[in-house]
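Enquirer: This is a predicted model, with the sequence first.
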Amino acid sequence: MTAPPKPGFPWGLTVASLIACLALAGLGAWQLKRLAWKEGLLAQIASLAHAPAAPIAAVLSHSGPVAFQRVRAVCQPLAVSATTAYRYAVSDGRIAWRLLAPCKIADARFDGILVDRGVVTRLTGLTAPVAGSYPAPVKVIGVLRAPGPSPWLGPAMMDGGPGFVAMRVADAPSILRLSKLGGLANPAPEILAVESEDPPAPGLAPAAIPVDIPNNHLVYALTWFALAAILAWFYVAMLITRYRR
């Protein structure tokens, strides 16, 4: 009785396993890069606790990135009445709406900047905002924030209502559009997230920086690397079992 022929080498399975392992390891390496970026971001945010507020005109005159710098601004009167604008947010697990307003500035590279004045307390929990009357910002201290990425699905701007417009994502086109609706001709591309106003705006809760920014990238990286190792172990075990028969 002749012995059964040995099975051939599983080239297809080998190639598929190799591609899968490389993909999983690549995701792990990407998460390590994200970890380094997040740690740098958190260190930059932590430094804001002791950073003095610089004049916004001087900061915006720089050609490099200006995000996460603390600045102070004196908002000049606008020639036109600004359109009430809101930004979708979440506050303490509830739907919230942040008030956006233009701030016209003098002697700067740009003629103004869109200001995120904080959560409108009376609108918290509402699925859609309503129009309201708010005093214009006068003296503002806050943190410059860069535009976010544009959404993959759907527009960044939401359907507004009588007397107001709203955005769900503060991407560059939406910031530019709202700034120009507010009467600015050459607005800065960033947003000024308010820490405090003088005089304080009633009914608003400023929140320039999230109080709890998650940093789980190391866990994600270890998970991807572990999945790659498990896949490699199963592949090797399959080969050993295959050729021991």
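Expert: Nice, thanks for sending it over.

Enquirer: Could you list which residues are in contact with the residue nearest the centre of the chain?
Expert: By CA atoms, centre = their mean, the chain has its centre lying nearest to G148, at 4.9 Å. G148 makes contact with 169-171, according to CB atoms under 8 Å, 6 or more residues apart in numbering. Glycine gets a C-beta too; all of them are placed from N, C-alpha and C.

Enquirer: Could you list every helix and strand that the worst-scoring helix or strand of the chain on mean pLDDT packs against?
Expert: Ranked by mean pLDDT, DSSP states H and E, the weakest helix or strand in the chain is strand 157-161, scoring a mean of 82. When contacts are defined as 3 or more CB pairs under 8 Å, 6 or more residues apart in numbering; DSSP states H and E, strand 157-161 packs onto strand 164-167.

Enquirer: Which segments of this structure make up each domain?
Expert: Domain assignment for the chain by automatic domain parsing gives 11-40+216-244, 52-205.

Enquirer: Which positions within the biggest helix by length in the chain qualify as buried?
Expert: Longest helix in the chain by number of residues, with DSSP state H as the criterion: helix 11-47. Using 16 or more other CB atoms under 10 Å as the test for burial, helix 11-47 gives 17, 21, 24-25, 27-28, 31-32, 34-35, 38.

Enquirer: isn't M157 right next to F164, touching?
Expert: No: applying CB atoms under 8 Å, one finds M157 not in contact with F164, separated by 11.9 Å.

Enquirer: Helices of this structure, start to end?
Expert: Along the chain, counting by DSSP H, helices occupy 11-47, 56-60, 172-181, 217-244.

Enquirer: picking that back up, which residues outside the least confident helix or strand of the chain are in contact with it?
Expert: With contact meaning CB under 8 Å, 6+ apart, strand 157-161 is reached by 88, 128-131, 165-168, 174, 177.
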